[in-house]
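Enquirer: From the sequence below, what's the structure:
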Amino acid sequence: MMLSTIMNNCIAIISLTLALSIGSTVMAQIKNQTYSYQHYQKYNSLLYSPETRLHTASKPFLFKDDLLSRFDSLHSIHPVESRSWVVRKLFNEHLVDVKKDDHTFYLDFLPDFVLGRDLIDKERQSTWINTRGVQAGLTIKDKFTFYTNFFENQAIFPRYIGDYITDNQVVPGQGTVENLANGKKDWMYATASLSYDFSDYFQVTLAYDKNHIGDGYRSVLLSDISSNYTHLKFTGNIGNVQYTSMWAYMLDQKNPRVDEDLETGRYGDGIKWGAFQYLDYNATNRLSVGLFQAVIWANHNQAGYRNFDFNYSNPAIFLRPVESNNSSSPDKMFLGLNAKYKTFRNVTAYGQFLLGEFTAKEFFANNGYKHNKWGAQLGIKGYDAFGIQNLNFLGEYNLVRPYTYQHFVSISNYSNYGEPLAHPRGANFREVVGIANYSWDRMDFSLQGTWSGFGTDPVGEDLNMGGNIFKSYRTAPNTYGNKIGQGVANDLYYADARAAYVLNPKYNLRLEVGYTQRYRRIEGENTQKSGLVTFGLRSSFRNFYCDF
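Expert: Here you go, the predicted model:
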């Protein structure tokens, strides 16, 4: 079912691309690419300079103008001089690279071969990843851009990731998985994205991909941690205002479709819909403020089939008044604020605030009312730290109150394909993240440290302490006295260091060595320990999160 959905989405988008591929002779001036924090941070000196006034929160970007120039520069950095076709293809160029007056096309093979060994875990497990992938990109004139990739994967993961996959039946951020013998996992993953640039004021994107709202590593509004989903996105720009409206078709394997007349009948994963809107205002070169809204609803609930709700189809209005007009609305609604301020030449402060439910009297009483559902983020990020070119950094603090992303039924909670749409921890946590990146010539270095304190539900007890967003908030045991970290106390310490030599910047082909250390202390249990050293030949710009 998952493969069929992926292929149908890819075929539909490719067909639309070909149908629209008639045009005049102008070189391509737009490109798109999947979002990856590690790649996007290389644009910091342009995005967060006080000399620019770019909209930075809504990702992935449509690369054009100055962003496209930086994109092309990063994909052609430090070329290896050679007349040899093999050398040029290995180090400088796409495997297939066609450039004509009215269109361009490229095709690459994307290997991801990694060997690892856990030096601390009691089982001293060997790990490996065997991925074979392809990517292709097409531009037509200066209006159309299309990108797609496809990966076939097998792997043995470190124990904590394997346990996550077993519990959730999903590879983090990559969709459904088949569990094979001896702990081996098998899965497929694909992306497709088509964008049309009508003018400087209006762009449309149809994609099977992810989205991220915010300037930080995490997002408490909408992040890229879950699997891909089909969506249609409108982006409008007028002066210093950018408005994004998006409608998403998502799946939920935790709530499969069933035939009510046949107890054993199953007809694929459950369906849910989402509508998201983000209004960003660049008040000055330094200050930006954005307003966010989202609503999630089930395709089928106790009242019957709803399908797409056309009440949420108008891209020119915010959603809250529409949802409020239904006095018994079963939908999950969120409001949010995103802001950044370029405090110094190379340092930016940013933050977010998400509101799920709010009762002013209870909120200011500070009594732990269960329906005061909110999350927040504060952070700083910068580039060229200490005067060292290409040394970028980020420091971030996130917290989310218990029950924030839960709903009275899990099919309409804030999730996609069994994973949260916002923070990977779900809710009921505090977190501190620090990241440093440095690039020199074709060498990339990264260092990350994370601490997270959170509460989980007691094992063997049917208690809902607010962290698991797939439980109903109606089962919360206490109306008052709820606080972040309630339940079984957990402390997670995570550190990751990587060094890579980029063989080919066109598709991020690199030799990479890394070390990841993870400690999770659980109240009343033995500490989980992992120290994984890895080496591999890797590629692509995908972003997957295993720091949970």
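Enquirer: Just give the number of residues close to G116.
Expert: Look at G116: counted by other Cβ atoms under 10 Å, it has 22 neighbours. (Glycine included, C-beta is placed from N, CA and C.)
Enquirer: quick one: low-confidence ranges for the chain?
Expert: Scanning the chain for pLDDT under 70 picks out 1-28, 258-267, 301-305, 316-329.
Enquirer: Tell me where it has helices.
Expert: With DSSP state H, the ranges of helices along the chain come out as 2-19, 37-40, 44-47, 65-74, 85-91, 159-168, 320-324, 360-365.
Enquirer: Around N478, count how many other residues there are.
Expert: Neighbours of N478 using other Cβ under 10 Å come to 13.
Enquirer: measure it to L355 for me?
Expert: N478 is 21 Å from L355, where distance means Cβ to Cβ, to the nearest Å.
Enquirer: ok, the residue nearest in space to the middle of the chain - contacts?
Expert: By Cα atoms, centre = their mean, the chain has its centre lying nearest to D224, at 0.8 Å. The contact partners of D224, by Cβ atoms under 8 Å, 6 or more residues apart in numbering, come to Y35, K59, G173, K210, N211, H212, N543.
Enquirer: go again using 10 Å as the cut-off
Expert: Going by Cβ atoms under 10 Å, 6 or more residues apart in numbering, D224 touches 34-37, 59-60, 173, 209-213, 421, 542-545.
Enquirer: cool, and F353?
Expert: Counting by Cβ under 10 Å, 6+ apart, F353 has contacts 220-221, 292, 335-339, 374-378.
Enquirer: thinking again about what came up before, tell me both backbone torsions, phi and psi, for the residue nearest to the centre of the chain.
Expert: phi -100, psi 30 (degrees, to the nearest 10).
Enquirer: where exactly do the strands run in the stretch 151-300 of the chain?
Expert: Ranges of strands in the stretch 151-300 of the chain, per DSSP state E, counting those that start in this stretch, are 170-171, 175-176, 178-179, 185-199, 202-209, 212-213, 229-238, 241-252, 270-282, 287-298, 300-301.
Enquirer: Please identify which of those is closest to V502.
Expert: strand 185-199 (21.2 Å; Cβ to Cβ).
Enquirer: which parts of the closest one are buried?
Expert: By 16 or more other Cβ atoms under 10 Å, the buried positions in strand 185-199 come out as K185, W187, M188, Y189, A190, T191, A192, S193, L194, S195, Y196, D197.
Enquirer: Tabulate the CA atom coordinates of that strand in PDB.
Expert: C-alpha atoms of strand 185-199 as PDB (Å, rounded to 0.1, in the frame of the first residue of the first chain):
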ATOM      1  CA  LYS A 185      14.800  -3.900   8.300                       C
ATOM      2  CA  ASP A 186      13.700  -3.400   4.700                       C
ATOM      3  CA  TRP A 187      11.900  -0.300   3.400                       C
ATOM      4  CA  MET A 188      11.500   2.100   0.500                       C
ATOM      5  CA  TYR A 189      11.500   5.800   0.400                       C
ATOM      6  CA  ALA A 190      10.600   8.400  -2.300                       C
ATOM      7  CA  THR A 191      10.200  12.100  -2.800                       C
ATOM      8  CA  ALA A 192       8.700  14.100  -5.600                       C
ATOM      9  CA  SER A 193       8.200  17.800  -5.900                       C
ATOM     10  CA  LEU A 194       7.000  20.100  -8.800                       C
ATOM     11  CA  SER A 195       7.000  23.900  -8.500                       C
ATOM     12  CA  TYR A 196       5.700  26.500 -10.900                       C
ATOM     13  CA  ASP A 197       6.800  30.100 -10.500                       C
ATOM     14  CA  PHE A 198       4.000  32.200 -11.900                       C
ATOM     15  CA  SER A 199       5.800  35.500 -11.100                       C
END
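Enquirer: got the angle between that strand and helix 159-168?
Expert: 80 degrees (axes from the mean of the first three to the mean of the last three Cα atoms, to 10 degrees).
Enquirer: who does strand 185-199 pair up with?
Expert: strand 144-156 (antiparallel), strand 178-179 (antiparallel), strand 202-209 (antiparallel) (DSSP bridges).
Enquirer: Now tabulate those strands in a markdown table and tack on distance to W297.
Expert: Listed next are the strands paired with strand 185-199 as a markdown table, based on distance: least, Cβ to Cβ, whole Å:
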| stretch | distance to W297 |
| --- | --- |
| strand 144-156 | 29 |
| strand 178-179 | 30 |
| strand 202-209 | 20 |
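Enquirer: Can I get those in a markdown table including mean neighbour count and distance to H94?
Expert: As requested, those are exported to a markdown table (neighbours: other Cβ atoms under 10 Å; distance: least, Cβ to Cβ, whole Å):
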| stretch | mean neighbour count | distance to H94 |
| --- | --- | --- |
| strand 144-156 | 20 | 13 |
| strand 178-179 | 12 | 32 |
| strand 202-209 | 21 | 21 |
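Enquirer: out of the ones you listed, nearest to Y507?
Expert: Per Cβ to Cβ, nearest to Y507 of the strands paired with strand 185-199: strand 144-156, 9.5 Å.
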